[in-house]
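1. Provided below for reference: sequence and predicted model.
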Amino acid sequence: MIELKNIFYSYEDKEILKDISFHVKKREKIVLFGVNGSGKSTLLKIINGLLFPKKGKYFYKGNEINKKKLKDKEFNRKFRKEVVFLFQNPDSMIFNPTVYDEIAFGLRQIGGNKDTIDEKVKYWADKLGIYKYINEPPFNLSGGEKQKLCLASLLVLEPEVLLLDEPTANLDPKSTGWLIDFLYELDLTTVITTHNLSLSLELGDRGLVLSENHKIIYDGNLDDFINNFDLLKKAGLVHTHKHRHGNLEHKHYHTHDF
Ligand SMILES: Nc1ncnc2c1ncn2[C@@H]1O[C@H](COP(=O)(O)OP(=O)(O)OP(=O)(O)O)[C@@H](O)[C@H]1O
Ligand SMILES: [Mg+2]
């Protein structure tokens with residue numbers, strides 16, 4: 001479904017992705033790891049056709065995604081409906097005057113029947129627990145609620161590929177649990193970034209890991225990765241720091257959540 005072939009990306013002269021290649025099959029659930037700045041969000045933006053590789057190729061369902069292809073209006077509409085992206089920062093996605101309009105926006109773009117749009121908007125607002133805000137401006141919502149709003153505005157399109165950039169970062173434990181169950185039932189192709197190792201096991205079964213120098217250093221079973229301390233260390237996903245107990249100073253390893 002998704003195929004990346006030897007992709008390189010750079011911002012000006014800063015190389016951020018180096019020789020990235022992998023396939024994603026339909027309904028695969030991938031968890032993408034890497035330290036801050038390793039290039040995770042950049043990689044998701046490429047898969048979403050927001051950025052284009054400087055070298056290498058990206059194929060979605062056999063179509064090479066590049067500027068020219070996305071200028072094809074019909075293809076663009078189909079691609080934008082099928083492959084959706086929840087940004088790391090929900091504020092950068094929200095721009096409509098009300099929660100209702102925000103959820104309806106994509107459907108209106110596609111051009112649907114007003115009653116069908118209304119039904120779908122209300123259905124997803126309810127499903128994501130934000131129905132009570134439906135006529136309010138989105139900026140009245142809390143961070144987690146905004147995230148749910150963004151998710152509703154994507155799911156209303158009935159996409160095939162869901163790209164989620166740290167979707168649990170703003171959520172409380174209850175909402176996090178809910179999101180995990182929800183994603184599990186959705187049965188879509190998903191690529192999710194997270195820094196939360198233990199949670200990741202519930203978000204997917206295949207792990208992809210970007211190193212600090214922007215290459216893929218692991219692509220395989222997620223469980224094996226999480227239990228491989230050397231690899232976790234190499235990926236920068238465990239840290240060491242000095243810790244004081246009274247006058248005694250010692251060094252130890254930490255993950256964020258174990
Ligand atoms: N528009 C931009 N212009 C210049 N540099 C950028 C731009 N966007 C990102 N970068 C740089 O590219 C690098 C990778 O950024 P990216 O957002 O992909 O990392 P990330 O792995 O998602 O990090 P995080 O875990 O902090 O979200 C960073 O060093 C960042 O400063
Ligand atoms: Mg990021």
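-> Received, thanks. Residues are numbered from 1 along each chain as shown. Ligands and ions are numbered 1, 2, ... in the order given.

2. rest of the way, CA atoms for contacts and neighbours
-> Fine.

3. Reduced to three states, what does Gly49 come out as?
-> Going by DSSP: H, G, I helix; E, B strand; the rest coil, the secondary structure assigned to Gly49 is coil.

4. where does the residue of the stretch 51-200 of the chain at minimum distance from ligand 1 fall, phi/psi-wise?
-> Of the residues in the stretch 51-200 of the chain, the one nearest ligand 1 is Gln88, at a distance of 7.2 Å by Cα to the nearest ligand atom. Listed backbone geometry of Gln88 is phi -60, psi -40, with angles given as degrees, to the nearest 10.

5. That one: what's its closest spatial neighbour, skipping adjacent residues?
-> Asp165 (4.8 Å; Cα to Cα, 6 or more residues apart in numbering).

6. ditto for Leu188
-> Taking Cα to Cα, 6+ apart as the measure, Leu188 lies nearest to Arg27, with 5.1 Å between them; neighbours along the chain are not counted.

7. sec struct for the one you found, please.
-> Three-state assignment for Arg27 (three-state DSSP): coil.

8. so who does it touch?
-> By Cα atoms under 8 Å, 6 or more residues apart in numbering, the contact list for Arg27 reads 187-190.

9. any idea how far Asp187 is from the residue of the stretch 51-200 of the chain closest to ligand 1?
-> For Gln88, the distance to Asp187 (Cα to Cα, to the nearest Å) stands at 22 Å.

10. what does Ser10 give?
-> Here the distance between Ser10 and Asp187 works out to 33 Å (Cα to Cα).

11. from the middle of its chain, how far away would stretch 107-121 be?
-> Stretch 107-121 has its C-alpha centroid displaced from the chain centroid by 25 Å (Cα atoms, centre = their mean, to the nearest Å).

12. tell me which residues in it are buried?
-> Within stretch 107-121, the residues that qualify as buried by neighbour count (16 or more other Cα atoms under 10 Å) are 107, 117, 120-121.

13. Same check on stretch 119-135?
-> Using 16+ other Cα under 10 Å as the burial criterion, the residues of stretch 119-135 that qualify are 120-122, 124-125, 128, 130-131, 133-134.

14. Going by distance to Gly236, which of the residues you listed wins?
-> Out of the buried residues of stretch 119-135, the one with the shortest distance to Gly236 is Leu128. That distance is 33.9 Å, counting by Cα to Cα.

15. So for the closest one, what's the nearest residue that isn't a sequence neighbour?
-> Nearest non-adjacent residue to Leu128, counting by Cα to Cα, 6+ apart: Lys148, 6.0 Å away.

16. After the one helix or strand that neighbour maps to, which helix or strand is next? Please name it.
-> If you go by DSSP states H and E, Lys148 is part of helix 143-155. The first helix or strand that comes after helix 143-155 along the chain, using DSSP H and E, is strand 161-165.

17. so that following strand versus helix 143-155, what angle?
-> Using axes from the mean of the first three to the mean of the last three Cα atoms, to 10 degrees, the interaxial angle of strand 161-165 with respect to helix 143-155 works out to 160 degrees.

18. who touches strand 161-165?
-> Around strand 161-165, the neighbours that count as contacts under Cα under 8 Å, 6+ apart are 41, 44, 48, 82-88, 188-194.

19. Next: stretch 69-79.
-> Ile110.

20. Just the CA trace of it, in PDB.
-> Taking only C-alpha atoms (Å, rounded to 0.1, in the frame of the first residue of the first chain), the coordinates of stretch 69-79 have been written out as PDB:
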ATOM      1  CA  LYS A  69       0.700  13.800  -9.300                       C
ATOM      2  CA  LEU A  70      -1.000  15.800  -6.600                       C
ATOM      3  CA  LYS A  71      -1.900  18.500  -9.100                       C
ATOM      4  CA  ASP A  72      -4.200  16.000 -10.700                       C
ATOM      5  CA  LYS A  73      -7.400  17.200  -9.000                       C
ATOM      6  CA  GLU A  74      -9.200  13.900  -9.000                       C
ATOM      7  CA  PHE A  75      -6.200  12.000  -7.600                       C
ATOM      8  CA  ASN A  76      -5.500  14.700  -5.100                       C
ATOM      9  CA  ARG A  77      -9.100  14.500  -3.700                       C
ATOM     10  CA  LYS A  78      -8.900  10.700  -3.400                       C
ATOM     11  CA  PHE A  79      -5.400  10.800  -1.800                       C
END
